[in-house]
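I'd like to go over a predicted model; first the sequence, then the structure.
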Amino acid sequence: MAPRLQVENRSVIRRQRLTPFTLLILLVVASACGGPTPRETTLARGVVSAPEAQAAEVGAAILRQGGNAVDAAVAVQFALCVTNGFGAGLGGGGFMLVHDPAAGDGSVATLDYREKAPAAATRDMFLDENGEVIQNMGLYTPLASGVPGTVRGMAAAWERYGSLPWSRLLEPAVRLARVGFVLDSWTADSLKKSSDKFAALPAPLLRHVEFDDYYGGETGAVLQLPDLADTLERIAREGADEFYLGHTAELLVQEMERNGGLITAADLKAYQAVWREPVETRYRGYRVVSMPPPSSGGIALAEFLNMAETFPLPLSHSAEQIHLFAEIAKRVFADRAEHMGDPDFHHNPVAQLTDKRYARERAAEVNRHERSDPASIRAGEFPPNGAEGRDTTHFSIVDDHGMAVANTTTLNTAYGSGLVVDGAGFLLNSQMDDFSAKPGVPNDYGVTGSEANEIAPGKRPLSSMTPTMVFEPAGALLLVLGSPGGPSIISTVAQVIVHVVDGHQDLKAAVDLPRFHHQWPPSPEGEDLLLVESQPEYSLPGDVLAELSRLGYTIRTRENLGDVQAVMIQDGVATGVFDRRRTGGVAYP
Ligand code: DON
């Protein structure tokens, strides 16, 4: 059954493919109708790198139909909402970067479609009467969800850049949900793990529609999601308003009312995606452009690279290099905890944090041979509300005109809160856990926060998502990349950039190298925690680990760190890479 479905998908995609002759006819008709004149082709062909192969194929098909990178991104996002419920969904949110060479100025537009706290949310909503954080309340209950941003986000990107009809971009997702999609091994495995996790939750956390009723299956099974297909069809027909004002909104609000959730019709009606100013820095001459708050990703990446740039880098993956990066990360994450939050509610000192002189001062604190106690690290101090400077499941797509999209999207934890909107067939996010429920108390990813990231009605929780583009010193786009992994996204993206820029690695080699991560706060026992990967092909050599232990780090392992989907452009050729740590796909039109 599984191979048949894939063959069927491919044949449909081929049928939609444009032959040179039809393309010529279309171009003649378009110019006769005064339609957009085609831009100069700059690349041999486009490419889609996505965390799931069927969704990557959807993007390639849209590019073949003459769609641009944003058209493909919208189609891939909706396809991932079907095939990758682990990390993407209509009930989630995210961030998108778009580079359109037609603008002629090298600019990158950054779109914030992050979830927002409902109007009824309160600062202490996850604390008990003693002021202690109630475990799992911000993660796996109806209170865990922010107002979803995905559908408004895709509409905003499409309205600004899209060239194909909206409904056409949703067609493949409808089809995947209706006809079915094949469960790859990684997704089947994650479904099983999440199902066990949800089943083990105490009774008050159980939901109306059980996760297992909705989702499940073995590797190779074909999964159909008819309610989700209906929802996508409504959105395809009626546009984004359907999700926020129409029948889907009604179903979502009913789900909230049934379960004591907070999202109301007014919250949905008020939700807007926002275009923001990107965060930029130069790393050894390369221009790095990334996501501003409410993601910490861009500032943290810039601060990390600015500090790294002040050192001659030790040998890659030596204990010296890992120690140096850990010391840099301690300072970055201390700043993240203190200074970063939703810019609509909190002043982020972006210019100061990404300033080269500030990086030199912080880097000067680092002793290359001795570990600093994380408890001794303080965030940088800046005047409150100082003047603002001008610097303020991932997939990457580049089309043959060089238009590029870096998009990171999430439900937060695997399969979000586990709450399915009955009748609408999608999972709601658990993004409220990205707020700081109480100053200094770590969230599910172990990061702490302060007033900057406390809960408030209508506020967006601080993210670590880091969709990023890197441009050659001479100006041409070189890399489009990003990753999941909570705060380890920042380390992952920084390390891939360092491997390419300093290590002169090709993209695949850079993505294949082992990763490590430090995020500053000492453990409750005062340990200096360093995360490394446990999968044998990504684990560090024993002598390096022994040296790091000798320096005083407590080494903890994760099965893997990050899942990079990236594109590199060299000599007019765009090459896509997906991370072999999980399943994924690269597709060319
Ligand atoms: O926005 C954030 O930083 C997190 N909610 C991202 C979650 C994530 O990357 C999940 N992937 N493992």
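Okay, I see it. Numbering: from 1, shown residues only.

Please point out which parts of stretch 148-164 sit buried.
The neighbour-count check on stretch 148-164 (16 or more other CB atoms under 10 Å) flags 148-158, 161-162, 164 as buried. Where you see a C-beta, it was placed from the backbone N, CA and C, and this is true even at glycine.

Can I get it in PDB? Just the C-alpha atoms.
Provided in PDB are the C-alpha atoms of stretch 148-164 (Å, rounded to 0.1, in the frame of the first residue of the first chain):
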ATOM      1  CA  PRO A 148      -2.600  29.800  16.700                       C
ATOM      2  CA  GLY A 149      -0.800  31.800  14.100                       C
ATOM      3  CA  THR A 150       0.000  29.400  11.200                       C
ATOM      4  CA  VAL A 151      -2.900  30.100   8.900                       C
ATOM      5  CA  ARG A 152      -2.700  34.000   9.300                       C
ATOM      6  CA  GLY A 153       1.100  33.600   8.800                       C
ATOM      7  CA  MET A 154       0.800  31.700   5.500                       C
ATOM      8  CA  ALA A 155      -1.900  34.200   4.200                       C
ATOM      9  CA  ALA A 156       0.400  37.100   5.100                       C
ATOM     10  CA  ALA A 157       3.300  35.600   3.200                       C
ATOM     11  CA  TRP A 158       1.100  34.700   0.200                       C
ATOM     12  CA  GLU A 159      -0.500  38.100   0.100                       C
ATOM     13  CA  ARG A 160       2.800  39.900  -0.100                       C
ATOM     14  CA  TYR A 161       4.700  37.500  -2.300                       C
ATOM     15  CA  GLY A 162       2.500  34.700  -3.700                       C
ATOM     16  CA  SER A 163       2.000  34.200  -7.400                       C
ATOM     17  CA  LEU A 164      -0.200  31.100  -7.600                       C
END
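
Run through the residues that contact the closest residue to the ligand within the stretch 101-250 of the chain.
Nearest residue of the stretch 101-250 of the chain to the ligand: Arg114, at 7.6 Å (CB to the nearest ligand atom). Arg114 is in contact with 93-95, 146, 149, 294-295, 431, 460-461, 463, counting by CB atoms under 8 Å, 6 or more residues apart in numbering.

And Gly131, by the same measure?
Counting by CB under 8 Å, 6+ apart, Gly131 touches 124, 438.

Give me the pLDDT for it.
Looking at Gly131, its pLDDT stands at 97.

And the contacts of Arg114, which is closest to the ligand?
Looking across the contacts of Arg114 and measuring by CB to the nearest ligand atom, the closest to the ligand is Ser463, at 3.2 Å.

neighbours around the closest one, how many?
Neighbourhood size, Ser463 [other CB atoms under 10 Å]: 29.

number of nearby residues for the residue nearest to it when sequence neighbours are not counted?
Once flanking residues are discounted, Ser463 sits nearest to Ser295: 4.1 Å by CB to CB, 6 or more residues apart in numbering. By other CB under 10 Å, the residues close to Ser295 number 29.

Kindly reformat the buried residues of stretch 148-164 as a markdown table containing pLDDT.
Below are the buried residues of stretch 148-164 laid out as a markdown table (pLDDT from 0 to 100):
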| residue | pLDDT |
| --- | --- |
| Pro148 | 98 |
| Gly149 | 98 |
| Thr150 | 98 |
| Val151 | 98 |
| Arg152 | 98 |
| Gly153 | 98 |
| Met154 | 98 |
| Ala155 | 98 |
| Ala156 | 98 |
| Ala157 | 98 |
| Trp158 | 98 |
| Tyr161 | 98 |
| Gly162 | 98 |
| Leu164 | 98 |
